[in-house]
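> Have a look at this fold, sequence not included:
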């Protein structure tokens, strides 16, 4: 895999104004997503994650014979530690690492699985350490992947590549989860076999990702001083915490409402989850391309409006009687999934467009920190609101999401400015001349040590 050093601008604060190519070119999309080897690494990693992650709690209870509360606390601690590590991941990315960070996130999870397999029964601390390693790898991967794609692709091609990566990952996760579900009848032995398969998948994916050998330029202290402060994105980060609740609606909120409140068959939440996965896999890229003619911030605000409407739809559907409530909830879930697809296709794309190249890692780390925080607190918020009735749950989510959408729509994108008020010029790109710079300074900005020449489509 190789990259043209000049294919990536230093910053794209006004990238939404550019003309957009909305054609889908599969081969160009694969290259923009990191190349064939990296695409295979994503699929293998997702398959392994799908095999174990949904059943990690069962592994602790059935195989290691730990109590459910102890297992849950250990898994939560792993998520928290993973969030704490995000600033370090961002700094590593800003030193120029790309494929090595992705490979490290996979290798850390492979170590976690190895420790999981070596943990004796009724020993909680080794399991907690394994959950910690899995949590660190799971939290570090999204920022590392987005930074890698942002280094390879530019503009709307990058947005489509990010969407394709998400669709590919969801396909792998779904296939892995289906395979694991079919194997659960084997009990503890099957769970151990799935853990072993997951570890092998992580090691294979790490080797493939590392072989891409992709690097990015590192900014000098003079570059940092000249470029000014990083974009704050306070409104966007706060809104993202609320937006991300939609990712837990099919997995937590709808099963809770359908089974415990509407007394529907467990087949309904299963059908909703399968439909969600299929829609994400099939529509993520086409919808992202379709909406690429509009500004990213406008699309993200639209996603919030669609999600809020779907939450109000759930509120109305839950009040239906005569056996119509469950089918109505399932129908509204399609609207919610569309909102999720629009959100996922625009949020990370907007952040990468706002982030200067010199600080892509730190900015993405802040964004993923807000995403991880939202994912961590949303189960507690959803389960706390649900007992108070549909109005508290769905009305609360709809109100918070509409407020978040308005914040996203009204926040201004301010590029860094000089003390005189002029917009700062972008950092010189590799191969371009830089006035009053030493030869060593230009060498430090060399982008992407590569094996083969990359030709933009």
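Here it is on my side, so go on. These numbers come from a predicted model, not from an experiment.
> so which helix or strand takes in the nearest residue to residue 401 once chain neighbours are set aside?
Excluding its sequence neighbours, the residue lying closest to residue 401 (Cβ to Cβ, 6 or more residues apart in numbering) is residue 308, at 4.4 Å. C-beta coordinates here come from the backbone N, C-alpha and C atoms, glycine included. In the assignment (DSSP states H and E), residue 308 maps to helix 296-318.
> What residues of that helix count as buried?
Neighbour counts over helix 296-318 (16 or more other Cβ atoms under 10 Å) mark 296-297, 299-315, 317-318 as buried.
> could you say what helices and strands it packs with?
Applying 3 or more Cβ pairs under 8 Å, 6 or more residues apart in numbering; DSSP states H and E, we find helix 296-318 packed against helix 234-243, helix 325-354, helix 390, helix 396-410.
> try 10 Å this time
With contacts defined as 3 or more Cβ pairs under 10 Å, 6 or more residues apart in numbering; DSSP states H and E, helix 296-318 has these neighbours: helix 155-183, helix 234-243, helix 267-290, helix 325-354, helix 390, helix 396-410.
> Would you reformat these as TSV and include distance to residue 52 and mean pLDDT?
Formatted as TSV, the helices and strands packed on helix 296-318 follow (distance: least, Cβ to Cβ, whole Å; pLDDT from 0 to 100):
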stretch	distance to residue 52	mean pLDDT
helix 155-183	7	87
helix 234-243	27	95
helix 267-290	17	91
helix 325-354	23	94
helix 390	34	90
helix 396-410	30	96
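> nearest to residue 110, of the ones you listed?
Residue 110 lies closest, by Cβ to Cβ, to one member of the helices and strands packed on helix 296-318: helix 155-183, at 15.3 Å.
> okay, the angle between the next helix or strand after the closest one and helix 155-183?
Counting by DSSP H and E, the element after helix 155-183 in chain order, helix or strand, is helix 187-211. Between helix 187-211 and helix 155-183, the angle comes out at 160 degrees (axes from the mean of the first three to the mean of the last three Cα atoms, to 10 degrees).
> Please identify the buried residues of helix 187-211?
The neighbour-count check on helix 187-211 (16+ other Cβ under 10 Å) flags 190-192, 194-199, 201-206, 208-210 as buried.
> How about stretch 289-298?
Result for stretch 289-298 [16+ other Cβ under 10 Å]: buried residues 289, 291, 292, 295, 296, 297.
> Over to the fourth one: give its phi and psi.
By that I understand residue 295. Main-chain torsions, residue 295, degrees, to the nearest 10: phi -60, psi 140.
> low-confidence ranges in the stretch 351-457 of the chain?
For the stretch 351-457 of the chain, the stretches with pLDDT under 70 are 413-457.
> residue boundaries of the helices in it?
Counting by DSSP state H, counting those that start in this stretch, the stretch 351-457 of the chain has helices at residues 360-385, 390, 396-410, 439-444.
> Need the contact partners of the shortest one.
By that I understand helix 390. By Cβ atoms under 10 Å, 6 or more residues apart in numbering, the residues outside helix 390 that reach it are 257, 261, 262, 311, 314, 315, 316, 317, 318, 319, 325.
> Recalculate using a threshold of 8 Å.
Helix 390 is contacted by residues 257, 261, 314, 315, 318, 319 when judged by Cβ atoms under 8 Å, 6 or more residues apart in numbering.
> so which of these comes closest to residue 242?
Closest to residue 242 out of the contacts of helix 390 is residue 314 (16.0 Å), distances taken as Cβ to Cβ.
> any idea how far that closest one lies from residue 396?
Relative to residue 396, residue 314 is positioned 12 Å away (Cβ to Cβ, to the nearest Å).
> before we move on, what about residue 191?
Distance of residue 191 to residue 396, computed by Cβ to Cβ: 37 Å.
> Distance from stretch 123-139 to the middle of the chain?
What separates the centre of stretch 123-139 from the centre of its chain is 20 Å, taken as Cα atoms, centre = their mean, to the nearest Å.
> buried ones in that stretch?
124, 127-139.
> got a markdown table for those residues, with distance to residue 363 too?
Shown next, in a markdown table, are those (distance: Cβ to Cβ, whole Å):
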| residue | distance to residue 363 |
| --- | --- |
| 124 | 37 |
| 127 | 34 |
| 128 | 31 |
| 129 | 31 |
| 130 | 31 |
| 131 | 28 |
| 132 | 26 |
| 133 | 26 |
| 134 | 25 |
| 135 | 22 |
| 136 | 20 |
| 137 | 21 |
| 138 | 20 |
| 139 | 16 |
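> which of those lies closest to residue 44?
residue 137 (14.3 Å).
> As CSV, the buried residues of stretch 289-298 with distance to residue 148 would be great.
Listed next are the buried residues of stretch 289-298 as CSV, based on distance: Cβ to Cβ, whole Å:
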residue, distance to residue 148
289, 21
291, 23
292, 20
295, 25
296, 19
297, 24
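> Go through these and say which is closest to residue 143.
Of all these, the one sitting nearest residue 143 is residue 296; the distance, using Cβ to Cβ, is 18.1 Å.
> The closest one is in contact with residue 349, isn't it?
Yes: Residue 296 is in contact with residue 349 according to Cβ atoms under 8 Å; the separation is 5.5 Å.
> what's the overlap in contacts for those two?
Joint contacts of residue 296 and residue 349 (Cβ under 8 Å, 6+ apart) are residue 159.
> Would you mind measuring from the residue positioned nearest the centre of the chain to residue 187?
Among the residues of the chain, the one closest to the centroid is residue 142, at 4.6 Å (Cα atoms, centre = their mean). Look at residue 142 and residue 187: by Cβ to Cβ, they are 33 Å apart.
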